[in-house]
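Q: sequence unavailable; structure follows:
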């Protein structure tokens, strides 16, 4: 995905995101060098920092035009820590050997340590949100609970060839969209937004989060492993059937049946994986790409309640880029 500078129309927010990196590294691990090494592992990989950017933008044009105060910057750090915490838990769940182009936490330190790192980051995020008001930490706790519930339902549906699209999208909403919604909610609250503006930002964030996740799922089939920092087809090997695969399974014709037979093997070989990828590329990718584009357009339409200005322009650009990205 393009660097923030390419879509941000708010220079101050770009500068705030640059300040965020050292803050995050300073937050990680506290005084415990062992926990610091663990929690800084994924933070050092950078990341897109979309959720902090969304929070800072959601405050409004006036606040986004000048450097963020400590409360806003800590809140932005908190949503990023929650996101990174979820990545540690993902490492435990899917046992992927790499993350962000480096060895994953579980492969380097083991599942127990990776799980503890994620839990520690959730707790640290709660601490950072104290100055943001009495509603901030409870909102983050609800989001973390939804995120974990989504991860659990995804794990429970491993290798489930009958997983329905609606249920799958509910899982994605909980796993991904809720954290985008938290970022928008916290930013809107810090900016003193009106009720209609808060509702618009919540709708925007929900659609953006789903669009972003579908784009991510598409890249599992179309992206280069070196670009993504993880193995192409990792979800397939782990029995996590994302929407492109589910769409291909539901398509009419003999290819869907062939796909089903391969997946029943549970341990497909390389030739099987190549066949699966060919089938999904032929019948699963295009419909999901259209759905992701529709969600991005829906996100853009939700911005109609916001005043014209750099924040609205930035959010519209982010929605468009979320589904056009190559990484």
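A: Perfect, I can see it now. These numbers come from a predicted model, not from an experiment.
Q: check which residues of stretch 64-82 are buried.
A: Neighbour counts over stretch 64-82 (16 or more other C-beta atoms under 10 Å) mark 64, 68, 71-82 as buried. C-beta here means a position set from N, CA and C on the backbone, and glycine is covered the same way.
Q: for the stretch 101-250 of the chain, which residues score under the pLDDT cut-off?
A: Within the stretch 101-250 of the chain, the stretches with pLDDT under 70 are 101, 225-235.
Q: so which residues of it form strands?
A: Listed in chain order, the strands of the stretch 101-250 of the chain (DSSP state E, counting those that start in this stretch) span 102-103.
Q: just the helices in it please.
A: 105-109, 111-128, 136-156, 165-172, 178-190, 195-222, 225-228, 234-237, 243-250 (DSSP state H, counting those that start in this stretch).
Q: next one: the spatially most central residue of the chain from residue 146, what distance?
A: Residue closest to the average C-alpha location in the chain (C-alpha atoms, centre = their mean): residue 176, at 4.9 Å. Noted for residue 176: a distance of 10 Å to residue 146, by C-beta to C-beta, to the nearest Å.
Q: then residue 63?
A: Taking C-beta to C-beta, one finds residue 63 at 27 Å from residue 146.
Q: looking only at neighbour counts, state which of the two leads.
A: Using other C-beta atoms under 10 Å, the more surrounded residue of residue 63 and residue 146 is residue 63, with 22 against 18.
Q: secondary structure element for that one?
A: Taking DSSP states H and E as the criterion, residue 63 maps to helix 61-64.
Q: who are the packing partners of that helix?
A: helix 310-322 (3 or more C-beta pairs under 8 Å, 6 or more residues apart in numbering; DSSP states H and E).
Q: so the closest residue in space to residue 76 that isn't next to it in sequence: helix, strand or coil?
A: Leaving aside its sequence neighbours, residue 76 sits nearest to residue 52 (C-beta to C-beta, 6 or more residues apart in numbering; 3.7 Å). What DSSP: H, G, I helix; E, B strand; the rest coil gives for residue 52 is helix.
Q: just to check, residue 52 is in contact with residue 82?
A: No. Counting by C-beta atoms under 8 Å, residue 52 stays clear of residue 82, with 10.7 Å between them.
Q: separation between residue 153 and residue 93?
A: Applying C-beta to C-beta to residue 153 and residue 93 gives a distance of 12 Å.
Q: so which of the two has more stuff around it?
A: The residue with more neighbours, out of residue 153 and residue 93, is residue 93; 20 against 16, by other C-beta under 10 Å.
Q: what helices or strands is the helix or strand that contains that one leaning on?
A: Assessed by DSSP H and E, residue 93 sits inside helix 70-94. Judged by 3+ C-beta pairs under 8 Å, 6+ apart, the packing partners of helix 70-94 are helix 11-27, helix 33-43, helix 50-58, strand 98-99, helix 105-109, helix 111-128, helix 136-156, helix 178-190.
Q: before we move on, back to that, tally of neighbours for the residue nearest to residue 76?
A: The number of residues near residue 52, taken as other C-beta under 10 Å, comes to 30.
Q: then residue 195?
A: Neighbours of residue 195 (other C-beta under 10 Å): 8.
Q: spit out the contact partners of it.
A: Taking C-beta atoms under 8 Å, 6 or more residues apart in numbering, we find residue 195 in contact with no residue.
Q: of all the helices and strands packed on helix 70-94, which one is nearest residue 284?
A: helix 136-156 (18.1 Å; C-beta to C-beta).
Q: that closest one vs helix 111-128, what angle?
A: Put simply, helix 136-156 runs at 150 degrees to helix 111-128, going by axes from the mean of the first three to the mean of the last three C-alpha atoms, to 10 degrees.
Q: which parts of helix 136-156 are buried?
A: Buried residues in helix 136-156 (16+ other C-beta under 10 Å): 136-137, 139-140, 143-144, 146-148, 150-151, 153-154.
Q: quick one, it and helix 70-94 angle?
A: 20 degrees.
Q: just checking, what packs against helix 136-156?
A: helix 70-94, helix 111-128, helix 165-172, helix 178-190.
Q: now tell me what touches the shortest one from outside.
A: Outside helix 165-172, the residues within contact range by C-beta under 8 Å, 6+ apart are 150, 153-154, 157, 209-210, 213-214, 242-243, 246-247, 250.
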